[in-house]
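Asker: Everything below, folded, please.
(chains A and B)
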Protein chains: 2
Amino acid sequence: MTAVGDIYPQDRVTLREVGLRDGLQLVKSFPSTEAKRQWIKAEYAAGVRNFEVGSFLPAAKFPQFADVLEMIATVDALPGAHPVALVLNMRGAQNALASGVAELSCVLSATEAHSQANAHRSRDVAIEDLRQICALRDASAHRPLVSVGISMAFGCSLDGAVDPDEVVRLAERAFEAGADSVGLADTVGFAGPKQVHDLTARVVRLAGAAPVLVHLHDTRGMGIANAAAALDAGTRALDGSLGGLGGCPFAPGATGNVVFEDLVFLCESKGFATGIDIDRLVAVRAIVQAAMPDETLYGALARAGLPRRLAGAAA
Amino acid sequence: MTAVGDIYPQDRVTLREVGLRDGLQLVKSFPSTEAKRQWIKAEYAAGVRNFEVGSFLPAAKFPQFADVLEMIATVDALPGAHPVALVLNMRGAQNALASGVAELSCVLSATEAHSQANAHRSRDVAIEDLRQICALRDASAHRPLVSVGISMAFGCSLDGAVDPDEVVRLAERAFEAGADSVGLADTVGFAGPKQVHDLTARVVRLAGAAPVLVHLHDTRGMGIANAAAALDAGTRALDGSLGGLGGCPFAPGATGNVVFEDLVFLCESKGFATGIDIDRLVAVRAIVQAAMPDETLYGALARAGLPRRLAGAAA
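Answerer: Numbers count the residues shown, from 1 in each chain, chains lettered A, B, ... in the order given. The predicted model follows:
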C-alpha cells in the first residue's frame, strides 16, 4: 500500500518530471527505451524523485508509451523514486492497476465541451469512471494512489473562460469519488498568476492534507510566474519538463510545460528546498537532445547558468 | 515644470519601453533614426506612453545614441507621451538639462565594486554627483524629473550577493539628494520573486508617493515572475523591451530585458489596466526586426497569441 506522504513528502516541494509523458505526447520521433532509461537515471542522480513515465494508451496509436511497463520498472528500481502513469479510460486503469505502478494519474476536463471532445464522455461519466477506478484501487493488493488532474482548469481551448466555481465543484466531486489528490492543469497556457493563485488557494483549502499538484504550461510566458503564484497559494507539488518539452505542434515555437530547470531555480530562490542539483539537471539535456535531435529545448538557466552567488553552492 | 503624476499617473501601471536605450546598449548594428521613429510611433499607436529614448554619452563611443535629441523630439511630438534619457555623468546631465527632456535617468550602483568598475567613481561620489544634478534641475527653467535606478540591486556580477539593507540606504540617500523617483534594477538577472518582493516592498514604503520603477532582466527565466512579485509589492512602474531586446553578448541566447508584450499580458491578467493593445504591440516587432535583422526577438505572446477569451477583447 502506497502512502501519500511517501510520494508527496510534507517537508519539501515535490517537482515532477513529466517530459517522459506530456513531453512526448505529440512528438513524431521519440527516444528509445534505453535513452529514456538514461534520462530517468541521470535526473535521479541530479535529485529528481518523481517521474510521470508514460500513459496506458493503445500502443498502436501511441507507440511512444509502449514501453510504459519498462519505464515503471526503471523508476521502481531507484530507491526513493516514484513513477506515475497516465490513465484515460477504464481499460487503461485496469492495465495500470495490474502493472503495480504506485500512482495512477486520471484526468477530468473542466468544461463539458472539452470532456466530450477529448475523452468522448461527459464530466458526470468521467466522475463515475473515477469512482470505479477508486473502487478497483481499494480492492487491489498494492493500493496505488489515484491522482486527478483537472485539465483546462484556467481556461479552455474550446470554451474560453472557465468558471472557477465549477472547477472547485469538480475538485470536491473528485475527492468525494475517492481521489487521493486533485490537481489543476493550465493545459493550454491561458492563465495568469492572479488566477492561478486564487483558484489554487481554494483547492488547497478544500484538499486539506491531500496534495494539490499544479501543472502549468509556458505557452504565453507566464509559466514561472504562475508557479510562483501556486507556491504562494500553498501548493507544494508542481509539474515541469526538462527543456520545456511538450510544445504544441499547432503553435510552433511555443514552449510546452514549464521548464524543469527554471522551476527548480524558482523554488530554491523562494526558499523551498528541492533536493535537486540544477547544474546536474541541466547536464541531462544533452541526453534528451541526443535522443530527439529535432526537438527544441527551452530554458534560461541552461543558457545563463546559475548566478554568481549560487554557482558551486549547490550540493 | 514636469509633475511626477504626469509621467507616472497614479491610476494605472506605467510600462516603459527601454528597448531604444537598454535594448541598443550593446548591439553592433542598430536601427536608423527613421526606423526608431517608426518604432516609437507604432508603439505609441498601440498605447505605449513612456519611452527611454537614449543616453547622453559620447556619440563617438555610442553612435546608437547620437540621435538622442531627435528621439526626444519624436516622443515630445506625441500627445501624452514621455521621453526619458539616461545620464551617466555630469557632462551628460548638463547636456540632458539643456535638451529640455522631461526626465533624466541616473544610475547608482548597489555595490562599491560595480560603482568603481562601471562608473569609475565611489558610491559616495555618485551621490554627490546626483545632488549636483538635482541642484541644476532646481535651477533650470523646465525642471525635469530626476529618476535614479539602483543597478545590481538584487545581486552583482562582481560581488555576488548584495545586502538589501545597503540598497535601502542608497535609496534613502538618493531621495535625500533630491531624486524624484528611485528604482531597482536586476541588471544581470540574478533575482527571484521573493527577493524582488521583499526589497521592492521596502523601497515602496520608503518612497511614499514617489514612483519606484523596477527594471528586470529575464536572463534566468524569472523576469515575468519577478514583475508579478514587484506588482504585488506595490510598484506601479516597470521597464520592458519589445521582444526582450538587450541580451548580453557574453551570454548568447540569454534574453535581456523583460519582454514588453508579455509584461503587458501579465499586468492585464492581474487586473492592472495598461492602456496598451497587445496585438498592436506585437505587430511592432516587424519594424524592429526589419531594422535589426540579426537580433533575436523573444517573447511568448508573439508566438502563441492571446488566449481565446481575450482575443479580440482588447481595445
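Asker: give the contact list for the nearest residue to residue A:118 once chain neighbours are set aside.
Answerer: Nearest residue to residue A:118, sequence neighbours excluded (C-beta to C-beta, 6 or more residues apart in numbering or on different chains): residue A:109, at 6.0 Å. Yep, even glycine has a C-beta here, placed from its N, CA and C like the rest. Applying C-beta atoms under 8 Å, 6 or more residues apart in numbering or on different chains, one finds that residue A:109 lies in contact with A:115, A:118, A:119, A:123, A:126, A:150, A:151, A:152, A:156.
Asker: make it 10 Å
Answerer: The neighbours of residue A:109, taking C-beta atoms under 10 Å, 6 or more residues apart in numbering or on different chains as the test, are A:115-119, A:121-123, A:126, A:149-153, A:156, A:158-159, A:162, A:170, A:185, A:187.
Asker: Is it bridged to anything, and to what?
Answerer: Taking DSSP bridges, one finds residue A:151 as the beta-bridge partners of residue A:109.
Asker: Among the contacts of residue A:109, name the buried ones.
Answerer: Neighbour counting by 16 or more other C-beta atoms under 10 Å in any protein chain shown classes A:115, A:118-119, A:123, A:126, A:149-153, A:156, A:158-159, A:162, A:170, A:185, A:187 among the contacts of residue A:109 as buried.
Asker: wait, is residue A:238 part of a strand?
Answerer: Yes - the assignment for residue A:238 (DSSP: H, G, I helix; E, B strand; the rest coil) places it in a strand.
Asker: And it, what's its pLDDT?
Answerer: Listed pLDDT for residue A:238 reads 98.
Asker: Could you report the neighbour count for it?
Answerer: 27 (other C-beta atoms under 10 Å in any protein chain shown).
Asker: So it is in contact with residue A:227, correct?
Answerer: Yes - with contact defined as C-beta atoms under 10 Å, residue A:238 counts as touching residue A:227 (5.6 Å).
Asker: Name the nearest residue to residue A:112, sequence neighbours excluded.
Answerer: Using C-beta to C-beta, 6+ apart, the nearest residue to residue A:112 is residue A:123, at 5.9 Å.
Asker: From the centroid of chain A, which residue is nearest?
Answerer: residue A:239 (4.1 Å; C-alpha atoms, centre = their mean).
Asker: from what I can see that one touches residue A:218, true?
Answerer: No - the criterion here is C-beta under 10 Å, and residue A:239 misses it with residue A:218 at 11.6 Å.
Asker: Run through the residues that contact the closest residue to chain B within the stretch 201-315 of chain A.
Answerer: When distances are taken as C-beta to the nearest C-beta, the stretch 201-315 of chain A reaches nearest to chain B at residue A:269, 2.5 Å away. Taking C-beta under 10 Å, 6+ apart, we find residue A:269 in contact with A:228, A:307, A:310, B:190-196, B:220, B:222, B:225-226.
Asker: what are the ranges of the helices in the stretch 201-315 of chain A?
Answerer: A:223-232, A:260-269, A:278-283, A:285-291, A:301-304 (DSSP state H, counting those that start in this stretch).
Asker: can you list these in CSV and add mean pLDDT?
Answerer: Listed next are the helices of the stretch 201-315 of chain A as CSV, based on pLDDT from 0 to 100:
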stretch, mean pLDDT
helix A:223-232, 98
helix A:260-269, 97
helix A:278-283, 97
helix A:285-291, 97
helix A:301-304, 90
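Asker: Residue A:45 is nearest to which of those?
Answerer: helix A:278-283 (6.5 Å; C-beta to C-beta).
Asker: Quick one: distance of that closest one to the chain centre.
Answerer: Relative to its chain's centre, helix A:278-283 lies at 20 Å (C-alpha atoms, centre = their mean, to the nearest Å).
Asker: Report all helices and strands that that helix contacts.
Answerer: Under the contact criterion of 3 or more C-beta pairs under 10 Å, 6 or more residues apart in numbering or on different chains; DSSP states H and E, helix A:278-283 touches helix A:33-46, helix A:260-269, helix A:301-304.
Asker: Now do it: everything it contacts.
Answerer: Contacts for helix A:278-283 (C-beta under 10 Å, 6+ apart): A:15, A:17, A:42-43, A:45-48, A:242-243, A:260-265, A:268, A:274, A:277, A:299, A:301-303, A:305-306, A:310-312, A:314-315.
Asker: can you pull the contacts of residue A:49?
Answerer: Counted by C-beta under 10 Å, 6+ apart, residue A:49 has contacts A:7, A:9, A:12, A:14-17, A:43, A:75, A:78-82, A:274-276.
Asker: Drop the exposed ones from those and show what's left.
Answerer: Buried among the contacts of residue A:49 (16+ other C-beta under 10 Å): A:7, A:14-17, A:43, A:75, A:78, A:81-82, A:274-276.
Asker: Taking those, tell me the two that lie furthest apart.
Answerer: Across the buried ones among the contacts of residue A:49, the longest distance by C-beta to C-beta is 17.9 Å; it joins A:75 and A:274.
Asker: which residues does residue A:182 bridge with?
Answerer: Taking DSSP bridges, one obtains residue A:148 as the residues bridged to residue A:182.
Asker: And for it, the neighbour number?
Answerer: Neighbours of residue A:182 (other C-beta under 10 Å): 27.
Asker: and the helix ranked longest in chain A, which residues are buried?
Answerer: Looking across chain A with DSSP state H, the single longest helix is helix A:123-139. For helix A:123-139, burial by neighbour count (16+ other C-beta under 10 Å) applies to A:123, A:126, A:127, A:129, A:130, A:131, A:133, A:134, A:136, A:137.
Asker: The first one contacts residue A:114, doesn't it?
Answerer: Yes - under the contact definition of C-beta under 10 Å, residue A:123 touches residue A:114, with a separation of 9.2 Å.
Asker: joint contacts of these two?
Answerer: By C-beta under 10 Å, 6+ apart, residue A:123 and residue A:114 have these common neighbours: residue A:108.
Asker: give the contact list for residue A:71.
Answerer: Here residue A:71 is in contact with A:20-21, A:33, A:36-37, A:39-40, A:51-54, A:65, A:83, A:85, A:101 (criterion: C-beta under 10 Å, 6+ apart).
Asker: three-state assignment of it?
Answerer: helix.
Asker: so what pLDDT did it get?
Answerer: 98.
Asker: Could you do residue A:209 as well?
Answerer: So, for residue A:209, pLDDT stands at 94.
Asker: Contacts only, for the nearest residue to it once chain neighbours are set aside.
Answerer: Excluding its sequence neighbours, the residue lying closest to residue A:209 (C-beta to C-beta, 6+ apart) is residue A:4, at 7.7 Å. By C-beta under 10 Å, 6+ apart, residue A:4 lies in contact with A:10, A:103, A:145, A:147, A:180, A:181, A:209, A:210, A:211.
Asker: Kindly recompute the last result at 8 Å.
Answerer: A:145, A:180, A:181, A:209, A:210, A:211.
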